[in-house]
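Enquirer: Give me a model of this one.
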Amino acid sequence: MSAEYFDVAIVGAGLSGIGAACHLQDKCPDKSYVILEGRDTMGGTWDLFRYPGIRSDSDMYTLGYKFKPWREAKAIADGPSILNYVKETAAEHGVDKHIRYGHLVRKATWSSSDASWTIEAERKESGETATIRCGFILMCAGYYSYEKGFTPEFKGRERFTGQIIHPQAWPEDLDYEHKKIVVIGSGATAVTLIPEMAKKAEQVVMLQRSPTYMVSLPDIDVIANFLRRVLPAKLAYAITRWKNIRFQQAVYRRTRTAPDKVRKKLLDMVRKEMGPDYDVGKHFTPSYNPWDQRLCLVPNSDFFQSVRSGKASIVTDTIDSFTEKGILLESGEELEADIIITATGLDLVLLGGAEIVVDGQPVRISDTFSYMGMMYSDLPNLVTTFGYINASWTLRADLTAEYACRIMNHMDETGCRQCTPRLRDEDRNMPARKWITAFSSGYMQRVMHLFPKQGDKAPWLNTQNYAEDKKLLSDRDVDDGVLQFSNPAADSGEIATSHLESDAA
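Expert: The predicted structure follows:
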């Protein structure tokens, strides 16, 4: 029995996958497609993470889709509200009917002779393998492992008599009322968790090896809410989105051109929050420059308020070992805990962890160069979504989906079945640079050797710059001499034979 065939397979039914399906329906309406989702529900990150206080750390006017206005009053939204937004989008566009849940993609094999991918997906319920063929893959599986979060090896972990929890595997029935809690980590998850848990817990301690830059902003965008009252929803949303993008870009540029001034400004804001007697130098002053790692957003100063109230506290030290009662620090102090939360980050994976094979040869993504931050050299008919580290994820997800649609429409117009980024002669001596530079976060640095390389010139750059990407992707001719369009359909005659030699199977 032959495998089912679709023009496009979208991997992942999270924020990116649902958005990609909506763009595909709009710009390539004749394409058949399926969405393969490994879990039992849509929503990705916003369904998986269930810890107290889960929220976005980007405003919803830029984290939301460009085509669907965010209508809630709060710009910094909680997880359930974002999940509802994703589900509402899927239902409005009918893309929810194309999702196959419990289909975890394990392997994708490309055949140039057939000009198609064969996808092997593990069925969650039975463990059996479902086989699906498609002409094009839109990989929207996110950037981290859904199986487990990252937890370092802690000496003496087995001695601790309380509970140890990673936020990615939060138990629904966790009772932390009147308990002593230690949260290991100082990133966005810790800063989100602590003020919420401090409402019920006896005491919450944030144990950090080193501080993170934090900035407080209101969770309500007053201008956005005003515009929505006086203008049509789409126009109000577009203006607010443009305003917030410009603000994000201006702040990031300033951190690159005047890091010392931004550093001083951020720390002055913290001193104002914490008062003159608090040791901001020890607990809030990182060793790196702003935006060498992500800034932590503190909506409405909630984290600072928790620390000022005494319900939460910060300890800056390193761990010697776990003990029966808590954590022994290298300073000799012991932190007692009933519950230890390891807010220590994510395990990053590429392409959802799927094995990729092209014409019988396994592909190592780390041996490839990244084309426009979304495709890989010598890897046909596959576009992957990876958002920005210095701006909202969906800004790039929208651009990526739109460009993928332009590629597929060009293939239809020229009768080609295959599109492959190829290094030109002038590209072959490019320096192989890290895919993401000037970003020191551990979760990235641990796995950057597994990512594709970037070169030193377009289109082999991973710019991390929305303004540049938007202009480049809007103006660029997809038939740019780097994307090789080939493998004409049997009945297409002499159409689209340019570049065919370099793609001979």
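Enquirer: contact partners of the longest helix anywhere in the chain?
Expert: Across the chain, the helix with the greatest residue count (assigned by DSSP state H) is helix 233-257. Around helix 233-257, the neighbours that count as contacts under C-beta atoms under 8 Å, 6 or more residues apart in numbering are 59, 61-62, 64, 66, 69-71, 221, 223-224, 227-228, 230-231, 261-262, 289-291, 390-392, 395, 465-467. Using the backbone N, CA and C atoms, a C-beta is placed for each residue, glycine as well.
Enquirer: what's the answer for stretch 267-283, then?
Expert: Applying C-beta under 8 Å, 6+ apart, the external contacts of stretch 267-283 come out as 208, 211, 214-216, 284-285, 301, 304, 307-308, 314, 316.
Enquirer: what are the ranges of the strands in the stretch 151-300 of the chain?
Expert: Ranges of strands within the stretch 151-300 of the chain are 163-165, 180-184, 203-208, 214-217, 296-299, based on DSSP state E, counting those that start in this stretch.
Enquirer: In TSV: the ones you listed, plus mean pLDDT.
Expert: Converted to TSV, the strands of the stretch 151-300 of the chain look like this (pLDDT from 0 to 100):
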stretch	mean pLDDT
strand 163-165	97
strand 180-184	98
strand 203-208	98
strand 214-217	96
strand 296-299	95
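Enquirer: can I get those in JSON lines with mean neighbour count and distance to residue 444?
Expert: Compiled in JSON lines, the strands of the stretch 151-300 of the chain are given as follows (neighbours: other C-beta atoms under 10 Å; distance: least, C-beta to C-beta, whole Å):
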{"stretch": "strand 163-165", "mean neighbour count": "17", "distance to residue 444": "24"}
{"stretch": "strand 180-184", "mean neighbour count": "23", "distance to residue 444": "19"}
{"stretch": "strand 203-208", "mean neighbour count": "24", "distance to residue 444": "18"}
{"stretch": "strand 214-217", "mean neighbour count": "17", "distance to residue 444": "20"}
{"stretch": "strand 296-299", "mean neighbour count": "22", "distance to residue 444": "16"}
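Enquirer: Could you tell me how many residues sit around residue 455?
Expert: The local packing count at residue 455 equals 21, with neighbours defined by other C-beta atoms under 10 Å.
Enquirer: and the contacts of helix 233-257, which are buried?
Expert: When neighbours are counted using 16 or more other C-beta atoms under 10 Å, the contacts of helix 233-257 contain these buried positions: 59, 61-62, 64, 66, 69-70, 221, 224, 227-228, 262, 289-291, 390-392, 395, 465-466.
Enquirer: In TSV: the contacts of stretch 267-283, plus distance to residue 373.
Expert: As requested, these are exported to TSV (distance: C-beta to C-beta, whole Å):
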residue	distance to residue 373
208	32
211	30
214	28
215	27
216	31
284	33
285	33
301	35
304	36
307	38
308	42
314	36
316	36
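Enquirer: Out of these, which comes closest to residue 344?
Expert: Comparing the contacts of stretch 267-283 against residue 344 with C-beta to C-beta places residue 208 closest, at 10.8 Å.
Enquirer: Identify the residue spatially nearest to that closest one, adjacent ones excluded.
Expert: For residue 208, the nearest residue in space outside its immediate sequence neighbours is residue 186; the separation is 3.7 Å by C-beta to C-beta, 6 or more residues apart in numbering.
Enquirer: tally of neighbours for the one you found?
Expert: Residue 186, neighbours per other C-beta under 10 Å, totals 24.
Enquirer: May I ask which helix or strand of this protein has the lowest mean pLDDT?
Expert: Least confident element among the helices and strands of the chain, by mean pLDDT, DSSP states H and E: helix 442-445 (a mean of 81).
Enquirer: outside of that one, which residues touch it?
Expert: Taking C-beta under 8 Å, 6+ apart as the criterion, the residues outside helix 442-445 that touch it are 144, 150, 345-346, 348, 389, 436.
Enquirer: just stretch 284-296 next, same as before
Expert: Counting by C-beta under 8 Å, 6+ apart, stretch 284-296 makes contact with 57, 186-188, 191, 210-215, 252, 255-256, 259, 262-263, 266-267, 270, 274, 389-390, 438-441, all of which sit outside it.
Enquirer: now the residues you listed: which count as buried?
Expert: In those, burial by neighbour count holds for 57, 186-188, 191, 211-214, 252, 255, 262-263, 266-267, 270, 274, 389-390, 439, 441, counting by 16+ other C-beta under 10 Å.
Enquirer: Residue 25: which element?
Expert: Using DSSP states H and E, residue 25 maps to helix 15-27.
Enquirer: Name the residues of the helix or strand following the least confident helix or strand of the chain that come out as buried.
Expert: Scanning forward in sequence from helix 442-445, with DSSP H and E defining helices and strands, the next element found is helix 466-475. Residues of helix 466-475 classed as buried under the neighbour-count rule (16+ other C-beta under 10 Å) are 466, 469-470, 472-473.
Enquirer: Residue 160: which of those is nearest?
Expert: residue 466 (43.9 Å).
Enquirer: Now do the contacts for that closest one.
Expert: Shown here is residue 466, whose contacts under the criterion C-beta under 8 Å, 6+ apart are 245, 248-249, 388, 391, 395-396, 399.
Enquirer: Columns pLDDT on top of those, output as CSV?
Expert: Putting the contacts of residue 466 into CSV (pLDDT from 0 to 100) gives the following:
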residue, pLDDT
245, 94
248, 92
249, 92
388, 91
391, 89
395, 96
396, 96
399, 97
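Enquirer: Pick the one among those closest to residue 489.
Expert: Lowest distance from residue 489 to the contacts of residue 466 (C-beta to C-beta) belongs to residue 399, with 28.7 Å.
Enquirer: and the gap between that closest one and residue 337?
Expert: Taking C-beta to C-beta, to the nearest Å as the measure, residue 399 falls 44 Å from residue 337.
Enquirer: Among these two, which residue is more densely surrounded?
Expert: Counted by other C-beta under 10 Å, residue 399 and residue 337 do not tie: residue 337 has more neighbours, with 26 against 22.
Enquirer: Do I have it right that the more buried one meets residue 180?
Expert: Yes - using C-beta atoms under 8 Å, residue 337 is in contact with residue 180, at 5.2 Å.
Enquirer: shared neighbours of the two, which are they?
Expert: Contact criterion C-beta under 8 Å, 6+ apart; residues bridging residue 337 and residue 180 by contacting each: 205, 326.
Enquirer: And the contacts of stretch 375-383?
Expert: Residues outside stretch 375-383 that contact it (C-beta under 8 Å, 6+ apart): 108, 110, 112, 115, 117, 135-139, 356, 358, 363, 365, 368-371, 374, 384, 400, 403-404, 407, 418-423, 452, 483, 503.
Enquirer: quick one on the thing from earlier: gap between the helix holding residue 25 and the chain center?
Expert: 16 Å (C-alpha atoms, centre = their mean, to the nearest Å).
Enquirer: Now that helix: buried residues?
Expert: 15-25.
Enquirer: Please parse the protein into its domains.
Expert: The record's domain parsing of the chain by automatic domain parsing lists 4-146+347-503, 151-226+258-344.
Enquirer: Using CSV, please lay out these together with distance to residue 238.
Expert: Written out in CSV, the entries for the domains of the chain read as follows (distance: least, C-beta to C-beta, whole Å):
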stretch, distance to residue 238
domain 4-146+347-503, 8
domain 151-226+258-344, 11
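Enquirer: Tell me which of the ones you listed sits most buried.
Expert: domain 4-146+347-503 (a mean of 19; mean count of other C-beta atoms under 10 Å).
Enquirer: Give me the contact list for the longest strand seen in the chain.
Expert: For the chain, the strand with the greatest residue count under DSSP state E is strand 129-139. Contact partners of strand 129-139, identified using C-beta under 8 Å, 6+ apart, comprise 3-12, 17, 20, 24, 34, 36, 100, 103, 106, 108, 114-123, 351-352, 381-385, 401, 404, 408, 417.
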